[in-house]
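Student: would you be able to build a 3D model of this:
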Amino acid sequence: MTILLATILWSCIALVVYAYAVYPPVIWLCARLFGDRRVATAPPNGAPADAALPPITLLIAAHNEAEVIAARLENALTVDYPRDKFSIVVASDGSSDATTSIVQSFADRGVRLLDYQPNQGKAATLNAAIAETAGAETSGDLILLSDANTDIDAHAPRLLARWFADPNIGAVCGRLILTDPHTGRNVDSMYWKYETFLKKAEGRLGALLGANGAVYAIRRELFEPIPRDTIVDDFVIPLLARLRTGCRIIYDAEAVAHEETPADLGSEFGRRSRIGAGGFQSIVLLWRLLDPRQGWTAFSFFSHKVLRWHCPFFLIAALAANVLLLGVPAYRWLLTAQVAFYAVSLVGAFVPGAGLAAKLVRLTTMFTSMNLALLVGFWRWITGRQRGVWQRTAR
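Tutor: Next up, the predicted model:
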């Protein structure tokens, strides 16, 4: 029994360490050795001339976004893209505030409103809007998906569109920069920088996992309707296209969008829990990505997503096995270390300051809260409490 418990304990710890600390340098090294160096830079011919740019539709799904939708549309109207090839569509999903009337006030500037009632969820709204905006001559068109609280740089659509000259590329994800709502400064957290690092490495290997809902483009003909209860649509949509067609998904760090950080920790925890629920849901939808014949995508999906989503269970199992091993003196020290780590993470939620020590303490808080959010997300998913119908959050 002691051997079994020790095996469970060390295996769970090893899996957590691998998912968070070993996988990043491994995927970076693989990208350096086997990745496509061209993906790390712009396409060799640069941005195409206006005549060569494909038509693109900016699609913004919105639910009760009256506070931000006007600013979002003003931003969208300033993009550097030929006006006869750039369409702006807002799909309102059962908005009960002034969202639709504000969007209608932009009609004379070319903004189209699709008003869907009642609130049925973002996935259903995207399915309906993309179908409704398709016409007889939309082959080769692009759909640029973005959020209502996102500002995109003026050149972002052009930068995303340049990649589609390669017929093997099906979707391109831009870079999201988080900004402070008071100062407007870049406040990308260590975790967000960590995730961006992984996106770059995976992108070079042709193993980018999904996109970022703030700014990504996909070929219209590659979009297929997603289940109405889909929670993380920006993850599922590009990967379903890849599964079906084998297309490549590219990460372009030069195509930038900006979003403000959430106003409070509660909003951020709720957002992460929702994404956690969507992660577990997506395993059911995308399990075929784990087939070794998917190459680097299978490796990345298993290491970056599936293992990480299961880390809360590894942590619980490690703690439980450690408690059952208290009769072995050496494991008492390990249990003390585990309890101390969680105690430090609790204190980190209240530690001020910008010094290295404070940042390291808050890093433990982020790790613990993220895994707790995943656990809550799993519970919401397995009990059916997390539905595709959305409620607006700060981010």
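Student: all contacts plus neighbour counts: C-alpha atoms, from now on.
Tutor: OK.
Student: could you check the pLDDT of Ile3?
Tutor: If you check Ile3, the pLDDT there is 87.
Student: which residues does the closest residue in space to Leu307 that isn't next to it in sequence contact?
Tutor: The shortest distance from Leu307 to any non-neighbouring residue, by Cα to Cα, 6 or more residues apart in numbering, is to Ala19 (6.3 Å). Residues in contact with Ala19 (Cα atoms under 8 Å, 6 or more residues apart in numbering) are 303-304, 307-308.
Student: so Ala19, which of the three states?
Tutor: helix (DSSP: H, G, I helix; E, B strand; the rest coil).
Student: where's it relative to Gln281, distance?
Tutor: Look at Ala19 and Gln281: by Cα to Cα, to the nearest Å, they are 20 Å apart.
Student: and Met370, by the same measure?
Tutor: In terms of Cα to Cα, Met370 sits 17 Å off from Gln281.
Student: circling back to that earlier point, export the contacts of Ala19 as JSON lines, with columns for distance to Glu260 and secondary structure.
Tutor: What follows is the contacts of Ala19, written out as JSON lines (distance: Cα to Cα, whole Å; DSSP: H, G, I helix; E, B strand; the rest coil):
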{"residue": "Ser303", "distance to Glu260": "29", "secondary structure": "helix"}
{"residue": "His304", "distance to Glu260": "25", "secondary structure": "helix"}
{"residue": "Leu307", "distance to Glu260": "29", "secondary structure": "helix"}
{"residue": "Arg308", "distance to Glu260": "26", "secondary structure": "helix"}
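Student: quick one: low-confidence parts of the chain?
Tutor: Counting by pLDDT under 70, the chain contains low-confidence ranges at 37-48, 135-140, 180-189, 261-267, 353-354, 386-395.
Student: which helices and strands does the lengthiest helix in it pack with?
Tutor: Longest helix in the chain by number of residues (criterion: DSSP state H): helix 356-382. In this structure, helix 356-382 packs against helix 265-286, helix 311-324, helix 329-348, with contacts taken as 3 or more Cα pairs under 8 Å, 6 or more residues apart in numbering; DSSP states H and E.
Student: just put those helices in JSON lines and tack on mean neighbour count.
Tutor: Output for the helices and strands packed on helix 356-382, formatted as JSON lines (neighbours: other Cα atoms under 10 Å):
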{"stretch": "helix 265-286", "mean neighbour count": "19"}
{"stretch": "helix 311-324", "mean neighbour count": "19"}
{"stretch": "helix 329-348", "mean neighbour count": "15"}
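Student: looking at the ones you listed, which is nearest to Ala14?
Tutor: helix 311-324 (9.3 Å; Cα to Cα).
Student: which strands and helices lie in contact with the closest one?
Tutor: Using 3+ Cα pairs under 8 Å, 6+ apart: helix 311-324 touches helix 2-17, helix 329-348, helix 356-382.
Student: and these: which comes nearest Pro312?
Tutor: So among the helices and strands packed on helix 311-324, helix 356-382 is nearest, using Cα to Cα, at 5.3 Å.
Student: how far does the closest one sit from its chain's centre?
Tutor: 17 Å (Cα atoms, centre = their mean, to the nearest Å).
Student: the protein: helices as residue ranges?
Tutor: 2-17, 23-34, 69-76, 99-104, 122-132, 156-161, 190-204, 233-245, 265-286, 296-300, 307-309, 311-324, 329-348, 356-382.
Student: now the ones you listed in TSV, with distance to Tyr216?
Tutor: Listed next are these as TSV, based on distance: least, Cα to Cα, whole Å:
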stretch	distance to Tyr216
helix 2-17	30
helix 23-34	22
helix 69-76	14
helix 99-104	22
helix 122-132	14
helix 156-161	8
helix 190-204	13
helix 233-245	8
helix 265-286	18
helix 296-300	19
helix 307-309	23
helix 311-324	28
helix 329-348	34
helix 356-382	25
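Student: with respect to Asp141, which of the ones you listed lies nearest?
Tutor: Asp141 sits nearest to helix 156-161 of all the helices of the chain, at 9.9 Å, using Cα to Cα.
Student: give the other helices and strands that the closest one contacts.
Tutor: For helix 156-161, the packing partners by 3+ Cα pairs under 8 Å, 6+ apart are strand 169-179, strand 216-219, strand 248-260.
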